[in-house]
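Asks: quick one, fold the following:
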Amino acid sequence: MSTESQSKCQQMIQDLFLKYENNEYMLQRIQVHIVNCLPNTLEMELINHEKRVCRNIFLTNEQQIFIQVFLQKNLYYYLSYNNCFYEYNGINYSIVKEDDIIHKLLSSISKDRVLLEWKYKTKIHIIKLIKERSLFNSIPEADTIQSVLNVLYPSVFVSKNHAKYFLNVIGDNLLKKNQHLIFMVSPYMKKIVNELEFIVSDGLGINNITQNFMTKYHESHSYDKCRVINMNENFAKSLWVDVLKRNVINLICVAVHYSKRYENSDNFLENKATEELKKYVHYIKNSTPQTLINDFCNKYIIKTDNSSAEMEWKNLHFLWKQFLSDNQYPNMIYSNTLKQLMKEKYSYCEERDVFLNITSKFLPIQSDFIKFWNTVITLHETQTSDTFDNEMEIDELCGLFRAWAKNGDNLMTNGNITEENVLKILKHFFPSIEIIEDKYILNITSIIWNKITDINLYFSHYIKDKLKDYNVALISFDDMYKYYYKYCNENSLKFVVSKRYFVKYIYFTYPDYIVYEKFIKVELLL
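Replies: Numbers count the residues shown, from 1 in each chain. Alright, predicted model coming up:
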């Protein structure tokens, strides 16, 4: 005890004696309390204090052990972005309510019983510790990492390395790394990552994780800062959305884990990626406009001494787009710049807007299809409410082209063409036509296949014969289409309209016959 404290005690006793100096009884009581009571009281105080200290040490140790065990057995995490708690079971991450954590925590304390008197104190401390344990500091198990990679490969990305690189990039963005980099992607992939952005923003409260994914090059972008990412574009966006909703937390946690493990996406490329992936991602970084043009020309352009060989600018521009699409490269050169660079490389006729003495092995299918379109297809004005909306599907157009090419003269191809190529040709050379969902071309008809004529012949010569023996009051659209399909086979018709078109025509032609939305009254057709 300090000298000051002793002085205070001594002063207090002296003050008491002075206060009661004329009161014999009180002076005796002061003596009794000091001599007889105070030593015993202090002894008990000491014993109780030592017991409390031992008890606190015991409970503190028990609390520490309980907390360690509880948090190890129950992997709870927290995100301040959305004020949500998460639980990890070693395979999947999931959102968990704070009330559920507290219930499990208090139940465990009650079951253990040792910490009952510190029950709520322990609860407050553990919740505080969980809030300090960020979801982004969790380390996913191998099963979780593998499940995320299985989601991304082979359905979305062409290799596991591509998938890992994509995850690294997303992890970098979540942790605000490499924000100076620009990741060039196709328009379709941009739609895919936008869905990821939306779901992460809506579910986790984290925004702008794909803000540096871009589909178009801008002059302000340095080639050195550009990276290229590609994906399997046959993967349906609707499936991707469904996959994300079920796996987004796993995906985000694995992405952050990769970013921390490899430091950043560039380090991953340098130390873990295959040379093929590294070369592809760095294609723009290691290029200049001139090297890009040279690569394109080496693969798509043939220089010839034939004076009659020439290529219109619009065809050359299409080949450039084809080159980018085939290699899944973004367009890093503006159209005017491209044309100027090509003028420097090849002879050019300004008056006719053609490049001289060049050709391409990729031109025949394009030229033949344009010839087919101009010969066979008729484009109509936008339909009014009292006229039927004629349309044709891309795959039907491919079939017509093959049939036309088979009987055509002076063609350079056999008519084999993909739907993807048809779509690219139409969008480039016929930008005014209306295409819905990249599948339906509106307001066109063909001189070699009249869909409406086929359907009307079916109704007038076939369906009535069948309906004579149809002993019910209604016939469904499904049955009518089945009969139509059979009619086409029996009459060796080369082309069959889709069920969508067939039903659409029924709704337009026989609106008064339709009942219950998908049935026609039989008596009205006879």
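Asks: so for the lengthiest helix in the chain, what gets flagged as buried?
Replies: Using DSSP state H to define each element, the chain has its longest helix at helix 38-73. Judged by neighbour count using 16 or more other C-beta atoms under 10 Å, the buried positions of helix 38-73 are 59, 63, 66, 67, 70. Quick note: C-beta positions are derived from backbone N, CA and C, even for glycine.
Asks: any chance of those in TSV with distance to residue 213 as columns?
Replies: Below are the buried residues of helix 38-73 laid out as TSV (distance: C-beta to C-beta, whole Å):
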residue	distance to residue 213
59	53
63	48
66	46
67	42
70	41
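Asks: hmm, which of the residues you listed is lowest in pLDDT?
Replies: Least confident by pLDDT among those: that is residue 59, with 65.
Asks: show me what contacts residue 135?
Replies: 77, 78, 79, 86, 93, 249, 253 (C-beta atoms under 8 Å, 6 or more residues apart in numbering).
Asks: mind checking which of those residues land in helices?
Replies: Counting by DSSP H, the members of those that fall within helices are 249, 253.
Asks: follow-up on the earlier one: list the helices and strands the longest helix of the chain packs on?
Replies: helix 98-112, helix 119-131 (3 or more C-beta pairs under 8 Å, 6 or more residues apart in numbering; DSSP states H and E).
Asks: ok, and what's touching the last one?
Replies: Which is helix 119-131. Helix 119-131 has contacts (C-beta under 8 Å, 6+ apart) with 63, 66-67, 70-71, 76-78, 80, 85, 98, 101-102, 105-106, 109-110, 115.
Asks: what subset of the residues you listed is buried?
Replies: Buried residues within the contacts of helix 119-131, counting neighbours by 16+ other C-beta under 10 Å: 63, 66, 67, 70, 76, 77, 78, 85, 101, 105, 109, 115.
Asks: and the third one, how far from residue 108?
Replies: It refers to residue 67. Look at residue 67 and residue 108: by C-beta to C-beta, to the nearest Å, they are 11 Å apart.
Asks: do the first one as well
Replies: Residue 63 sits 12 Å away from residue 108, taking C-beta to C-beta as the criterion.
Asks: ok, residue 271 next?
Replies: Between residue 271 and residue 108 the distance, using C-beta to C-beta, works out to 43 Å.
Asks: which of the two has more neighbours?
Replies: Residue environment comparison for residue 271 versus residue 108 gives the larger neighbour count to residue 108, 17 against 9, counting by other C-beta atoms under 10 Å.
Asks: which residues touch residue 310?
Replies: Contact criterion C-beta under 8 Å, 6+ apart gives 349, 354, 355, 356, 357, 358 as the residues in contact with residue 310.
Asks: would you agree the fourth one is in contact with residue 348?
Replies: Right, residue 356. Yes: A contact is recorded between residue 356 and residue 348 when judged using C-beta atoms under 8 Å, the distance being 6.9 Å.
Asks: quickly list the domain ranges of this structure.
Replies: For the chain, the domain assignment from automatic domain parsing gives the residue ranges 1-138, 142-281, 289-361, 450-526.
Asks: ok, which of the ones you listed comes nearest residue 425?
Replies: domain 289-361 (7.3 Å; C-beta to C-beta).
Asks: and the end-to-end length of the closest one?
Replies: Across domain 289-361, the terminal residues are separated by 23 Å (C-alpha to C-alpha, to the nearest Å).
Asks: pLDDT (mean, whole number) over that domain?
Replies: Summarised as a single mean, pLDDT over domain 289-361 is 89.
Asks: starting at the chain centroid, how far to it?
Replies: Centre-to-centre, domain 289-361 and its host chain are 34 Å apart (C-alpha atoms, centre = their mean, to the nearest Å).
Asks: stretch 182-194 too?
Replies: Its chain's C-alpha centre and that of stretch 182-194 lie 9 Å apart, by C-alpha atoms, centre = their mean.
Asks: dump that stretch to PDB, restricted to CA.
Replies: Backbone C-alpha positions of stretch 182-194 (Å, rounded to 0.1, in the frame of the first residue of the first chain) are rendered in PDB as follows:
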ATOM      1  CA  ILE A 182      -9.000  -3.600 -68.700                       C
ATOM      2  CA  PHE A 183     -10.400  -7.100 -69.400                       C
ATOM      3  CA  MET A 184     -11.700  -7.300 -73.000                       C
ATOM      4  CA  VAL A 185     -14.600  -9.700 -73.400                       C
ATOM      5  CA  SER A 186     -17.200 -10.600 -76.100                       C
ATOM      6  CA  PRO A 187     -20.600  -9.000 -75.900                       C
ATOM      7  CA  TYR A 188     -22.100 -12.300 -74.900                       C
ATOM      8  CA  MET A 189     -19.600 -12.800 -72.100                       C
ATOM      9  CA  LYS A 190     -20.300  -9.300 -70.900                       C
ATOM     10  CA  LYS A 191     -23.900 -10.300 -70.500                       C
ATOM     11  CA  ILE A 192     -22.800 -13.300 -68.500                       C
ATOM     12  CA  VAL A 193     -20.600 -11.300 -66.100                       C
ATOM     13  CA  ASN A 194     -23.300  -8.600 -65.800                       C
END
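Asks: can you pull the buried residues of that stretch?
Replies: So stretch 182-194, judged by 16+ other C-beta under 10 Å, has buried residues 182, 183, 184, 185, 186, 188, 189, 190, 192, 193.
Asks: just stretch 433-447 next, same as before
Replies: Judged by neighbour count using 16+ other C-beta under 10 Å, the buried positions of stretch 433-447 are 435, 440, 441, 442, 443, 444, 445, 446.
Asks: narrow the residues you listed to those in helices?
Replies: Those of these lying in helices (DSSP H): none at all.
Asks: could you dump the residues you listed into TSV and include pLDDT and distance to residue 281?
Replies: Supplementary listing: these in TSV, determined by pLDDT from 0 to 100; distance: C-beta to C-beta, whole Å:
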residue	pLDDT	distance to residue 281
435	89	32
440	91	36
441	91	36
442	90	39
443	89	42
444	90	41
445	90	46
446	90	44
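Asks: now those residues in a markdown table, with distance to residue 336?
Replies: Supplementary listing: the buried residues of stretch 433-447 in a markdown table, determined by distance: C-beta to C-beta, whole Å:
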| residue | distance to residue 336 |
| --- | --- |
| 435 | 26 |
| 440 | 33 |
| 441 | 30 |
| 442 | 32 |
| 443 | 32 |
| 444 | 32 |
| 445 | 37 |
| 446 | 37 |
